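Trainee: predicted model and sequence below, questions to follow.
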Amino acid sequence: MASKDSGGEIPVLDFLKQRFPMLMVDRVLSFEKGKDLRAVKNITINDICFQGHFPDYPVFPGVLTIESFAQTAAILIRFTEGGEIPGVFDVIGSVMDFRFLKPIFPGDQLEIHMTIAKTAGPNRIIGGRGTVNGEEVAAGKFSFGKLRMP
């Protein structure tokens, strides 16, 4: 988890509010504060989704692929902003131009690379692509905003 910025590591659980079974990022590989972040989601047959999607032909659900991308983007946002803001969540405003190019299966390691494309105040547009063994399997953009808890 080398950084171009500080040489340090990003502990995933310190930058995400999600926990099992909705934690979709296993490790941060590299990052450049304010610019981009690469992370990994290891897809295993033990992932709870495979009990029903699909037992005879397990394919990682597209919606969980999107969530993996979104969580990677959330880590990038939190890291760029210097950590957690108490009582505030980074939430998806929209999913844009998301494409699924190849199925993802148990045993695959999904590498996600997210890049900040635009910042306007607290809002961001972040684009990314996911690869398995160097082959692109998914790509898309997200808009993110802030949600304050009551």
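Mentor: Perfect, I can see it now.
Trainee: okay, buried residues for stretch 17-35 please.
Mentor: Within stretch 17-35, the residues scored as buried using 16 or more other CB atoms under 10 Å are 23, 24, 25, 28, 31, 32. Placement of C-beta: from N, CA and C, glycine included.
Trainee: likewise stretch 126-134?
Mentor: Buried, per 16+ other CB under 10 Å, within stretch 126-134: 126, 127, 128, 129, 130, 131, 132.
Trainee: ranking helices and strands of this protein by mean pLDDT, which lands last?
Mentor: Every helix and strand of the chain was ranked by mean pLDDT, DSSP states H and E. The lowest is strand 2-3, at a mean of 40.
Trainee: re the thing from before, from the buried residues of stretch 17-35, which is closest to residue 96?
Mentor: residue 24 (19.3 Å; CB to CB).
Trainee: which SS state does the nearest residue to the closest one once chain neighbours are set aside fall under?
Mentor: For residue 24, ignoring the flanking residues on the chain, the nearest one in space by CB to CB, 6 or more residues apart in numbering is residue 68 at 4.1 Å. Each residue gets one of three states, and residue 68 gets helix by DSSP: H, G, I helix; E, B strand; the rest coil.
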